[in-house]
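1. Sequence and computational prediction follow.
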Amino acid sequence: MASNSSINEDKQIQWLENGIVKNYINYYDYNEFENIQYVGSGGFGKVYRATLKNSDTFVALKYIKNNSLFIKEIVNEIKLLQKANLHINIIQFFGITKRKNNEDTNYLLILEYADSGTLGEFLKDNFNRLDWNMKLQFAIQIADAVSCLHENDIIHCDLNAGKIIQTTDQTCRKYYPS
Ligand SMILES: Nc1ncnc2c1ncn2[C@@H]1O[C@H](COP(=O)(O)OP(=O)(O)OP(=O)(O)O)[C@@H](O)[C@H]1O
């Protein structure tokens, strides 16, 4: 008899596969990515930087470990990201891809790539150089993004300077609503 966790896992995988077939989730073939480089690890898996073939634009590929807990997590993250996908200070979600790993299939989220590290790293190096105008800009952007999350009934639960990542344009900060 199938256990509860494997039934749940099947349901989550079904949701992902339906999303691909019915086009409520954009799907990209893993072979379309190149220049794949490791960026860092989090609680749920690893993050890589990559480009799509024939494109110079970087994306982040967030690999989620393959078991029922993490499949649930990836489905949850996709639902959250799709709700808050249009805010300038929230990392954009582009779709998913799949990577075959022997018998297993791993799903990866395709996200906008933030190329300038975390706000925490930035503050470590620049804290004494910040003027009030910059501090105000940070506060406005953070409050604006959090307000967008709350309008969509999302609570971040772990917002800190290590979870805020930056793009080259140092005036634009991005948040990841997981
Ligand atoms: N879209 C992205 N662009 C650039 N770097 C990213 C992106 N997403 C995550 N990273 C970096 O990859 C690393 C792992 O991120 P990840 O989101 O998996 O872990 P985390 O921030 O600890 O959150 P979690 O609570 O999900 O474990 C971190 O160093 C993070 O700054």
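-> In hand now; what should we look at?
2. Provide the backbone phi and psi angles at the residue nearest in space to the middle of the chain.
-> In the chain, the centroid-proximal residue (C-alpha atoms, centre = their mean) is Leu111; its distance is 5.2 Å. Main-chain dihedrals, Leu111, degrees, to the nearest 10: phi -130, psi 160.
3. so how far is stretch 42-50 off the chain centroid?
-> Chain-centre distance of stretch 42-50: 9 Å, with C-alpha atoms, centre = their mean, to the nearest Å.
4. Only the buried residues of that stretch, if you could.
-> Neighbour-count burial for stretch 42-50 flags 44-45, 47-50 (criterion: 16 or more other C-beta atoms under 10 Å). Quick note: C-beta positions are derived from backbone N, CA and C, even for glycine.
5. quick one, helices of the protein?
-> Taking DSSP state H as the test, the helices found in the chain are 4-21, 68-83, 119-126, 132-151.
6. Buried deepest among these, which one?
-> helix 68-83 (a mean of 18; mean count of other C-beta atoms under 10 Å).
7. tell me which strands and helices that one is in contact with?
-> In terms of contacts (3 or more C-beta pairs under 8 Å, 6 or more residues apart in numbering; DSSP states H and E), helix 68-83 is packed against helix 4-21, strand 58-64, strand 93-101, strand 104-112.
8. swap the cut-off to 6 Å and go again
-> helix 4-21 (3 or more C-beta pairs under 6 Å, 6 or more residues apart in numbering; DSSP states H and E).
9. what residues does the helix it packs on touch?
-> 25, 27, 68, 71-72, 75 (C-beta atoms under 6 Å, 6 or more residues apart in numbering).
10. and with 7 Å instead?
-> 25, 27, 68, 71-72, 75, 107 (C-beta atoms under 7 Å, 6 or more residues apart in numbering).
11. Can you pick out the most distant pair from those residues?
-> Tyr27 and Ser68 (21.7 Å; C-beta to C-beta).
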